[in-house]
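In: Any chance you can model this:
(one chain, ligands or ions: 1)
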Amino acid sequence: MTFPYKDEEFVRMWVADMEFATPDVVIDGIRQRLDRRIFGYTRVFGQDYYNAFSRWCMTRYGWSFPQEELVMSNGIIPALYELVEHITKPDEKLLFLTPSYAYFKYAADFNQRECVCSDLINTDGYYTIDFEDFERKAADAKTTLFILCNPHNPSGRVWREEELKKLGEIIKKHNLWVISDEIHCDLLRCNQVHIPLGKVMPDYNRLITCMAPSKTFNLAGLMISNVIIRNEELREHWLSRHYNFDNPLSIAAAQAAYEKGGPWLEELRAYLDKNFAFTQEYLAEHLPRAKMRISEATYLAWVDLSAYFQPDEHLPTFFAYEAGVLLEGGNMFVQNSDCFIRLNLACPRAIAEEGLKRICKAVNEKVAGKRADAK
Ligand code: LCS
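Out: Predicted coordinates:
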C-alpha cells in the first residue's frame, strides 16, 4: 500500500508493544548473562526462574502454582495454536468472548476448528459477559475449549471475582477445557486488582494459564512466556513436542524483570493512568461524540466512533490515509467491534497527543466534508 505519509511520519498506535525502553534492571540482567560468554543449549534448569516468577504471582495476585506445571513457550500465540490442536478434535468447537484478540480465531482457523463467539454486552463502554448466551454456547457438546482473555483485550476489562466464579461454574458444569490468557495482567490501572482464573478454580484440572513478561516489560521480541498446564497428560504431550530450550538472554531478562522490575512497573502504571485520563479529556474536548471509558487494564484505549462512521468503513485504512496514524479497529477484533478503534497509549504523552490531534482532525474534517456535500 502507498500512503501520503513517509514511514517515519506515521504515529504508531497499533501493535501492542511499547515506546518505552525496558527497565535498567532487565538490561543489567541480560548484561550479566552476556558476560558469562557461554550460550550453549539452555533451558530453565534451576529453581531461580520459577522462584522469581512464582513470587511475582504470589505478591501481586496471591496465587501460586507448583513448579512442575510451568512450561516455557516462545510466545503465547504459538502456545495457543498448539494447545487448540491438541485439546480439540477436528469436529469440536472453540468458544471465546467478542470483541476479541483476533489470534484466538486464527488459532481455530489454523487448526480448522469452528469458532463460537459470545458477544460481550456494552453498557456505556463498560463490557460485561452475557452469561445466558455464554452458557448456551458452552452447553453445546461440541464446544470443548474456552479461551478467556483475562484481563480482556480490547475492552480493557478486569474480570471481577463474581464474574470469574460464574464463568468457572459454567466451565465446570460443561467440563470445558479453558485457556486463561493473562498476558495483560500486570498492566492494571492503579486502582485495579487482577485475579487469575486459576485462583477461583483452584482444583480444576483442565485449566491452562498463560502469562508473560513481554507486554509488561516490552520484551515481546525476546520471545519468552509462561504456560502453566495443570493437566499432566497435556503437559507430557507439550514436553514431548518441545525440547523446551530457551534463549539464555531471554531467560535472564525475564528473571531480572520478575525479580527487580516491580518499582519500574509501578511508575509505568502511574504514567499510563495519566495517558488514559489525558486521552479521555482530549477526546471529550475535540471529538465529543466519541465514547471512551478508561480501560481497567492494558495500555490500549477502546474508543467507540459509531457517531462518526458506518459499520462497513475500514477504520485502520481511513486513519492511515487521512491522519497518518496506524491503529487497529473494527473487524480486526473478530466481531461486535464495528466503528471502534483501539489506541495504544504506551508512548510518551507528546506522541499520544500528536496521534489524538491527527485522529480528531481527520474525523472532524470528514464530518465537515459530509456537511459541505449535503449543502
Ligand atoms: N494474547 C493476547 C491477549 C495478546 O493481546 C497478545 C498480543 C498475545 C497473546 C501475543 O502473545 P505473544 O505471542 O507475543 O506472546 N497482542 C497484540 C495486540 O493486540 N496487537 O499486537 C499484539
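In: Around the ligand, which positions in the protein sit nearby?
Out: 15-16, 75-77, 101, 149, 153, 181, 183, 212, 214, 220, 225 (C-beta under 6 Å from any ligand atom). Every residue, glycine included, has its C-beta placed from N, CA and C.
In: And these, which of them are buried?
Out: The neighbour-count test (16 or more other C-beta atoms under 10 Å) marks 16, 75-77, 101, 149, 153, 181, 183, 212, 214, 220, 225 as buried among the residues of the chain next to the ligand.
In: which ones among these are found in strands?
Out: 149, 181, 225 (DSSP state E).
In: Adding pLDDT, write the residues you listed out as TSV.
Out: Listed next are these as TSV, based on pLDDT from 0 to 100:
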residue	pLDDT
Cys149	98
Asp181	98
Ser225	97
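In: Including distance to Asp246, could those go into TSV?
Out: Formatted as TSV, those follow (distance: C-beta to C-beta, whole Å):
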residue	distance to Asp246
Cys149	25
Asp181	20
Ser225	10
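In: Going by distance to Ala362, which of the residues you listed wins?
Out: Proximity of these to Ala362 (C-beta to C-beta) peaks at Cys149, which lies at 29.5 Å.
In: Which single residue of the stretch 51-200 of the chain ends up nearest the ligand?
Out: Gly75 (2.9 Å; C-beta to the nearest ligand atom).
In: pLDDT wise, what is that residue at?
Out: Confidence at Gly75, expressed as pLDDT, is 96.
In: mind checking how far Ala138 is from Phe131?
Out: 10 Å (C-beta to C-beta, to the nearest Å).
In: ok, the residue lying closest to Phe276 once chain neighbours are set aside - contacts?
Out: Among residues not flanking Phe276 along the chain, Ile294 sits closest, at 4.5 Å (C-beta to C-beta, 6 or more residues apart in numbering). Residues counted as contacts of Ile294 (C-beta atoms under 8 Å, 6 or more residues apart in numbering) are 156, 189, 276-277, 280, 301.
In: Now, of those residues, which are buried?
Out: 156, 189, 276, 280, 301.
In: Need these in CSV (columns: pLDDT).
Out: Shown next, in CSV, are those (pLDDT from 0 to 100):
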residue, pLDDT
Gly156, 98
Arg189, 98
Phe276, 98
Gln280, 98
Ala301, 98
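In: so which of those residues comes closest to Pro4?
Out: Distances from Pro4 to the buried ones among the contacts of Ile294, taken by C-beta to C-beta, are shortest for Ala301, at 25.1 Å.
In: so where does that closest one fall, helix or strand?
Out: Ala301 is located in strand 300-304, with elements delineated by DSSP states H and E.
In: Note down every partner strand of that strand and its orientation.
Out: The pairing partners recorded for strand 300-304 under DSSP bridges are strand 291-292 (antiparallel), strand 340-344 (antiparallel).
In: I'd like the distance between the residue of the stretch 51-200 of the chain closest to the ligand and Arg230.
Out: 21 Å.
In: where's stretch 354-369 relative to the chain centroid, distance-wise?
Out: 28 Å (C-alpha atoms, centre = their mean, to the nearest Å).
In: what sits up against that stretch?
Out: 11, 13, 279, 282-283, 286-287, 290, 305, 308, 318-319, 322-325, 327, 341, 343, 347.
In: where are the low-confidence patches of the protein?
Out: Applying pLDDT under 70 to the chain flags the ranges 375.
In: make it 90
Out: Low-confidence segments of the chain, defined by pLDDT under 90: 1-3, 43-46, 242-244, 330-331, 369-375.
In: any chance you could map the helices in it?
Out: Taking DSSP state H as the criterion, the chain carries its helices at 24-35, 48-61, 76-87, 103-110, 131-138, 161-173, 197-200, 232-241, 248-260, 262-286, 315-323, 349-374.
In: In TSV: the ones you listed, plus distance to Thr42.
Out: Putting the helices of the chain into TSV (distance: least, C-beta to C-beta, whole Å) gives the following:
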stretch	distance to Thr42
helix 24-35	10
helix 48-61	11
helix 76-87	18
helix 103-110	27
helix 131-138	41
helix 161-173	36
helix 197-200	28
helix 232-241	16
helix 248-260	4
helix 262-286	25
helix 315-323	39
helix 349-374	36
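In: Could you say which of the ones you listed is packed most deeply?
Out: Across the helices of the chain, averaging neighbours per residue (mean count of other C-beta atoms under 10 Å) puts helix 248-260 on top, at a mean of 23.
In: which secondary structure elements does that helix contact?
Out: Applying 3 or more C-beta pairs under 8 Å, 6 or more residues apart in numbering; DSSP states H and E, we find helix 248-260 packed against helix 24-35, helix 48-61.
In: Out of the helices of the chain, flag the one nearest Pro4.
Out: Nearest to Pro4 among the helices of the chain is helix 315-323 (6.6 Å), distances taken as C-beta to C-beta.
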